[in-house]
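# The following block contains a protein sequence and its predicted model.
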Amino acid sequence: MYSYSMDLAEKLAILAAGARYDASCASSGSNRSSAAGGVCTPAGICHSWTGDGRCVSLLKVLYSNSCRLDCAYCPNRVGADVRRAVFSVDELVQITKDFYRRNYVEGLFLSSGVFADPDVVMDKLTEVARRLRRDEGFGGYIHLKAIPGSGERALREAGLWADRLSANLELPTADSLALLAPEKNGREILSAMRYLSDEMKEAGSFPGRGRSAVFAPAGQSTQIIIGASPEPDRTVLHLASGLYRKLGLRRVYYSAFVPVNRDPRLPCGTPPLLREHRLYQADWLLRFYGYSVDELVDESEPDLDADLDPKTAWALRHPDAFPVDLARADREELLRVPGIGVTGASRILETRRAGGLSLEVLPKLGVAWKRTRHFATVRGAGSDMERDPVLLRALLAVPTPGIVDSGLRRNRTAVSPLQREFEF
Amino acid sequence: MNLRDRIDRTLQAVDAILGKPGDAPSASSAAPLKDPRRAGQLELGLIENVDPAVPRPAEGPPADSRGSGGAGNSDRRRAPRSFRVERALRSLGGDIWESFEYALRTEIPLEREAAAFAARALLCGGEAVSDRSRPEVRAVRAAAFKTRREIHRLLGLLRFAPGSCGVFTAFCEPDNEILDLLAPAFLRRFGAEPFRIVDLRRGRAVDSDGLHIAFRISAEKAPGREPDPTDLWRTYYHAAENSARANPRLRLQFMPRKYWKHLPELDA
């Protein structure tokens, strides 16, 4: 029934380990189904969690970990001392189907080292996706990596079979890319992303042209490595915000730099997990809470506060905006109160409409009351509110559970050249 | 006890609170029930306990059907007076019926809260059961959340492997009665291929070709022989972990230990 070669497990171990530095594992944003079985749920499904606390949603592997590029941060860079392996298309199709049927994963995330001409590599990934879709009737999720340097023809064909495509920017400025990944070209990667964005726009504007015309219905994402280069959070967030607004990205992933190679151009130390966490918090504020980058970081303070979540930090910088009267505030104002999230805001509004809102009931509404109480009243009545900014800061600066981090600022190289931001 | 029985008895209790005995099952919709002035009757302390096991004579189904309502009689008549309330609750829209039903799918004894929740929704309108200053609203919604979360978790955590007769089978021991709610997602996922999901805790199974029949199973065990893909999955799981980022607490938060027993990547 199964025709796996003896060393397939070994291959899988190598090619999964090679892909684990890619933070993206989402299976969301698509809604397809196949008569032969298989379905994508728009919200995505997590199937397991590894010991690092990250969700396993897709079989995330490299097609091959052989690579001709020499990117300083990459475990698979040319000349790196790792065992090299390559899947066959048949093997990948079979493992994906087996894992899917057993409900181990929602589908396949396929990337690869650049072992040949970029178009050749891209076409290999596309061939796996096409085999799964066309020959096997596979209706699960497929995420293909846009191989750096591949042309529009190869990208277009990939988009016909994949749910999501992603070109990784990897570093936040062209200067850092030139330093650490000399064969990669930031503007080239951005123009590939722009091409994908245009194709997606067009596909979205012509519904009903039949299944084959749908181009990557789950859109595109990208990844930025945090802490391998000296850019402050402000540069990273400006970049992310531009990608969301101008190129319609679904997600920007921030990946704390894990030193795997010795290289004088790179910092050493532990991965800046707390910095990564703060960037994700800021990213959410940009996308769902109506904040702009300049409200979170500015020229004088270009990095997010390590000790406070970015919303609380904003609130402490704007004492005039508080306290907010929860009996009167609209949704937008509620969302700016520390400790109140999207769910909490909805519950406050619902309970208020039914006439039940009081100070006593607030802790039961799913808001982080220990933070919220210092910033909110109900019709002027507050509860143990601390207004002194110094005391308040000390009170709210609590360590983030589960994240051990010593590298937030330490990974910054001492002399930082002026990094010009991407323009697009 | 049977979930449908629990729902029916709770619906009968709602009917008793609303105090309109004797209506024909097909009679009314939500509108004639609505009467916010009666909201004062809904304080939890004023509502009698709903006995989950024994139908109370005043509200139970007619004596003849009660007599024959033993186990194995799948044809047992449903208590007619729950129809009206069920239809009215469903017609309120939103997540009201779902919250009511999902709360009763837990093993938490909250029939009384569920009855108060439903009665309030019918008398005061759907918005009234978004008022989280009410204890019964919080209790029902918190319980419904547990059911909803477990469905979502098990959609990801069920593990299928070829079982007896080669049917792909998954075993689970869910806290809440959700087998029938899991099945449709896998019907789409498997397409024409047969599958089975077994709830070991309740001794029930659901099959792809009989989604509506939950039958008792004998003590069927998970297949002893592990075929290749399971080993490959273990290999993959360990290779995908980035130990430089170790954060076991976060994993536990998403995947509580009670689910590990049926996950091949985590059994010792």
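Okay, I see it.

# so which helix or strand takes in the residue of the stretch 51-200 of chain A found nearest chain B?
For the stretch 51-200 of chain A and chain B, the shortest gap (Cβ to the nearest Cβ) falls at A:Gly53, measuring 2.6 Å. Every C-beta, even on glycine, is put in place using the N, C-alpha and C of the backbone. Assigned by DSSP states H and E, A:Gly53 falls within no helix or strand.

# you'd agree it is up against B:Leu250?
Yes: taking contacts as Cβ atoms under 8 Å, A:Gly53 lies within contact range of B:Leu250: 2.6 Å.

# Can you name the residues of the stretch 51-200 of chain B that neighbour chain A?
Neighbours of chain A within the stretch 51-200 of chain B, by Cβ under 8 Å from any Cβ of the partner chain: B:127-128, B:130-134, B:138, B:152, B:155-161, B:168, B:170, B:185-186, B:188-193.

# what about B:Pro36, neighbour count?
By other Cβ atoms under 10 Å in any protein chain shown, 11 other residues sit near B:Pro36.

# what ranges of the stretch 1-150 of chain B fall below the confidence cut-off?
Low-confidence regions of the stretch 1-150 of chain B, defined by pLDDT under 70, span residues B:1, B:20-33, B:45-46, B:48-49, B:51-81.

# for B:Thr106, helix, strand, or coil?
coil (DSSP: H, G, I helix; E, B strand; the rest coil).

# cool, and A:Gln223?
strand.

# Now do the same contact list for it.
A:22-24, A:166, A:168-170, A:252-255 (Cβ atoms under 8 Å, 6 or more residues apart in numbering or on different chains).

# swap in B:Phe254?
Contacts of B:Phe254 by Cβ under 8 Å, 6+ apart are A:46, A:49, A:53, A:55.

# Tell me the confidence at the last one?
At A:Cys55, the pLDDT value in this model is 93.

# Provide the partner residues of it in its beta bridges.
A:Trp49 (DSSP bridges).

# Could you give the number of residues near the closest residue to chain B within the stretch 201-350 of chain A?
Going by Cβ to the nearest Cβ, chain B is nearest to A:Glu350 of the stretch 201-350 of chain A, at 3.6 Å. A:Glu350 has 18 neighbours, counted by other Cβ under 10 Å.

# Which ones among the contacts of A:Gln223 map onto strands?
Using DSSP state E, the subset of the contacts of A:Gln223 located in strands is A:166, A:252-255.

# Among those residues, give me the pair with the biggest separation.
A:Ser166 and A:Tyr254 (13.8 Å; Cβ to Cβ).

# was I right about B:Leu3 contacting B:Glu177?
Yes: if you go by Cβ under 8 Å, B:Leu3 and B:Glu177 touch, sitting 5.1 Å apart.

# Contact partners for the closest residue to the residue of the stretch 201-350 of chain A closest to chain B other than its chain neighbours?
Leaving aside its sequence neighbours, A:Glu350 sits nearest to B:Ser130 (Cβ to Cβ, 6 or more residues apart in numbering or on different chains; 3.6 Å). Contacts for B:Ser130 (Cβ under 8 Å, 6+ apart) come out as A:347, A:350-351, A:353-354, B:137.

# how about those in CSV, adding distance to B:His238 and secondary structure?
Formatted as CSV, those follow (distance: Cβ to Cβ, whole Å; DSSP: H, G, I helix; E, B strand; the rest coil):
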residue, distance to B:His238, secondary structure
A:Arg347, 40, helix
A:Glu350, 45, helix
A:Thr351, 46, helix
A:Arg353, 50, helix
A:Ala354, 50, coil
B:Val137, 45, helix
